[in-house]
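In: Got a sequence here, can you build the structure:
(one chain, ligands or ions: 2)
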Amino acid sequence: MNNPFRPTAGATPPEIIGREGLLDEFAYGLRIRSGAPGLLTIFTGARGVGKTVMLGAAEDLARTQGWAVVAETATPGFIGRIGNAMRQLADELGPGPGGRRVTAVTAAGFGITTQLPPAQQLEWREEGVRLLRLLDQQRTGLVITVDEIHAADRQEIAQLAADVQHFIREGLPIGLVFAGLPAAVSDLLNEGVATFLRRADRIDLHAASVEAVQQSYRDTFDQGGFTLEPQLARRAAEATGGYPFLIQLVGYFLWQEAEKISPVLTEGMVDEAAAAARRRNGRMVIEAALSTASRRDLDFLEAMAEDEGPSTTGDIGARIRARPNTVGNYRIRLIDAGLIEPAGYGLVRFAIPGLREHLLQGRDQT
Ligand SMILES: Nc1ncnc2c1ncn2[C@@H]1O[C@H](COP(=O)(O)OP(=O)(O)O)[C@@H](O)[C@H]1O
Ligand SMILES: [Mg+2]
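Out: Residues are numbered from 1 along each chain as shown. Ligands and ions are numbered 1, 2, ... in the order given. So this is what the prediction gives:
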């Protein structure tokens, strides 16, 4: 058996841990096919918590029910790409019930116009209606997923929302599932560009429980023919804090050790895998997240790192010698960047595990 762990963004893990029941409403919607609340769902959560994996799970579920799927990321021009994919699907299905049954399509990468001109906008909507009627005849429908919605152009989002709302009003079988960083999604919903999306079922993803990770490690290593004693599975699980990206990294390195050193895992091997996982997490998730941070952003974050738990904005202001207004502006910037999150009135905390340790290390090195 090959290493089953997948420490790569969006890759399907050997087991989707701690997400039981989260797609039940969506699945129910696929049965009802039109107007069910679960057909409009938004997944939010920090980087690496498993949003893209949940979109993939929703797509798979839709396909097994015979639905067509258009999967997109909200980079500029996504609305045009979704439109093209819908037109292709409609053409493949043909004008009537004799058309071929299509179950999946990935949007084609052309049509990079940020905003569709009005004529094309109407055409988009008509194509959509044509496709959805064809799918409706087959008693299926269309699910559109849009990842990284926090980065979306507001006009494109507004257009997508208006069109989907139109399809729903016509009683057509459409589902829309989004994913994005929590604070930025809240802003998007509050800005009023797409009021209709506020009705979406919002599912905030968090770390899995350490117990669930422990059990999953036990099962997965067992299937690979390795021996991972319960207390060692526990130790490995604790090193992940239940954080999905770390679950994959620790599992991946531990599997490598089992292959290279011995099929019976030891405490030393678990600790080695955990250390390797932390280093890789630092390089991949944290440095990527920090790549757009300015010097002042870093000052703010380093001031936070002095606290063991959440920091008060008052303390941060005193440490970086900034006025409340300035602190407030940086706070918003950093929340939008997914680096920190609100933790109650006047409090913020780090949104990415290991970020504090990374900042403290960096400071000690300079
Ligand atoms: N529920 C889960 N259980 C175990 N591993 C998961 C789970 N969800 C995601 N992962 C793993 O975590 C990593 C990050 O997942 P991803 O969906 O890319 O996160 P996000 O889109 O929130 O940044 C991937 O390696 C993925 O395989
Ligand atoms: Mg993602």
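
In: what helix or strand is the closest residue to ligand 2 within the stretch 1-150 of the chain on?
Out: With Cβ to the ion, the shortest gap between the stretch 1-150 of the chain and ligand 2 falls at residue 52, namely 3.3 Å. All C-beta spots, glycine's among them, are computed from the backbone N, C-alpha and C. According to DSSP states H and E, residue 52 maps onto helix 51-64.

In: got it, and residue 247?
Out: Going by DSSP H and E, residue 247 is part of helix 244-260.

In: got the buried residues for that helix?
Out: 244-258 (16 or more other Cβ atoms under 10 Å).

In: what do you get for stretch 75-82?
Out: Buried-residue list, stretch 75-82, by 16+ other Cβ under 10 Å: 77-82.

In: Stretch 30-39 now?
Out: Quick answer for stretch 30-39 (16+ other Cβ under 10 Å): 30, 33-34, 36, 38-39.

In: now do stretch 256-273
Out: Those buried within stretch 256-273 under the rule 16+ other Cβ under 10 Å are 256-258, 265, 269-270, 272-273.

In: what does stretch 217-228 give?
Out: 217-218, 220-221, 224, 226, 228.

In: which residues are contacting that stretch?
Out: Residues from elsewhere that reach stretch 217-228 (Cβ atoms under 8 Å, 6 or more residues apart in numbering): 1, 4-5, 14-15, 230, 233, 236-237, 251, 254-255, 258, 263-265.

In: of those residues, the lowest pLDDT goes to which?
Out: Among the contacts of stretch 217-228, residue 1 carries the weakest pLDDT, at 90.

In: Look up the closest residue to it, ignoring the ones flanking it.
Out: What sits nearest to residue 1 in space, not counting adjacent residues and going by Cβ to Cβ, 6 or more residues apart in numbering, is residue 224, at 4.8 Å.

In: And the residue lying closest to residue 354 once chain neighbours are set aside, which helix or strand is it part of?
Out: Nearest residue to residue 354, sequence neighbours excluded (Cβ to Cβ, 6+ apart): residue 281, at 5.4 Å. For residue 281, the element it lies in under DSSP H and E is helix 267-281.

In: Just list what that helix packs against, helices and strands only.
Out: helix 230-240, helix 244-260 (3 or more Cβ pairs under 8 Å, 6 or more residues apart in numbering; DSSP states H and E).

In: Identify whichever of those helices lies nearest to residue 196.
Out: Of all the helices and strands packed on helix 267-281, helix 244-260 sits nearest to residue 196, with 30.3 Å by Cβ to Cβ.

In: what packs against the closest one?
Out: helix 210-223, helix 230-240, helix 267-281.

In: report the angle between the axes of that helix and helix 210-223?
Out: Helix 244-260 and helix 210-223 are oriented at 30 degrees to each other (axes from the mean of the first three to the mean of the last three Cα atoms, to 10 degrees).

In: touching ligand 1 at all, helix 244-260?
Out: Yes. Contact of helix 244-260 with ligand 1 (Cβ under 6 Å from any ligand atom) involves 244-245, 247-248.

In: What are the contacting residues of stretch 27-41?
Out: 24-26, 58, 61-62, 65, 67, 136, 139-141, 143, 164, 168, 171-178, 197, 199-203.

In: Which parts of the stretch 101-250 of the chain are helices?
Out: 118-137, 154-169, 182-190, 210-223, 230-240, 244-260 (DSSP state H, counting those that start in this stretch).

In: Could you provide those helices in a markdown table, with additional columns for distance to residue 328?
Out: Formatted as a markdown table, those follow (distance: least, Cβ to Cβ, whole Å):
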| stretch | distance to residue 328 |
| --- | --- |
| helix 118-137 | 38 |
| helix 154-169 | 23 |
| helix 182-190 | 14 |
| helix 210-223 | 35 |
| helix 230-240 | 34 |
| helix 244-260 | 30 |
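
In: ok so, going back, can you name the next helix or strand after the helix holding residue 52?
Out: Downstream of helix 51-64, the next assigned helix or strand under DSSP H and E is strand 68-73.

In: With distance to residue 295 as extra columns, can I get the helices and strands packed on helix 244-260 in JSON lines?
Out: Listed next are those as JSON lines, based on distance: least, Cβ to Cβ, whole Å:
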{"stretch": "helix 210-223", "distance to residue 295": "37"}
{"stretch": "helix 230-240", "distance to residue 295": "32"}
{"stretch": "helix 267-281", "distance to residue 295": "24"}
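
In: out of these, nearest to residue 334?
Out: helix 267-281 (19.3 Å).

In: Distance from the chain centre to that closest one, please.
Out: 25 Å (Cα atoms, centre = their mean, to the nearest Å).

In: Please identify the most buried of the helices of the stretch 101-250 of the chain.
Out: Comparing the helices of the stretch 101-250 of the chain by mean neighbour count (mean count of other Cβ atoms under 10 Å), helix 244-260 comes out on top with a mean of 23.

In: That helix: how far from the chain's middle?
Out: The answer for helix 244-260 is 22 Å, by Cα atoms, centre = their mean.

In: can you check stretch 279-286 too?
Out: 18 Å.

In: Can you give me the end-to-end span of it?
Out: 10 Å (Cα to Cα, to the nearest Å).

In: For the protein, what lies in contact range of ligand 1?
Out: So the chain meets ligand 1 at 6-11, 13, 16-19, 45, 47-53, 208, 244-245, 247-248 (Cβ under 6 Å from any ligand atom).
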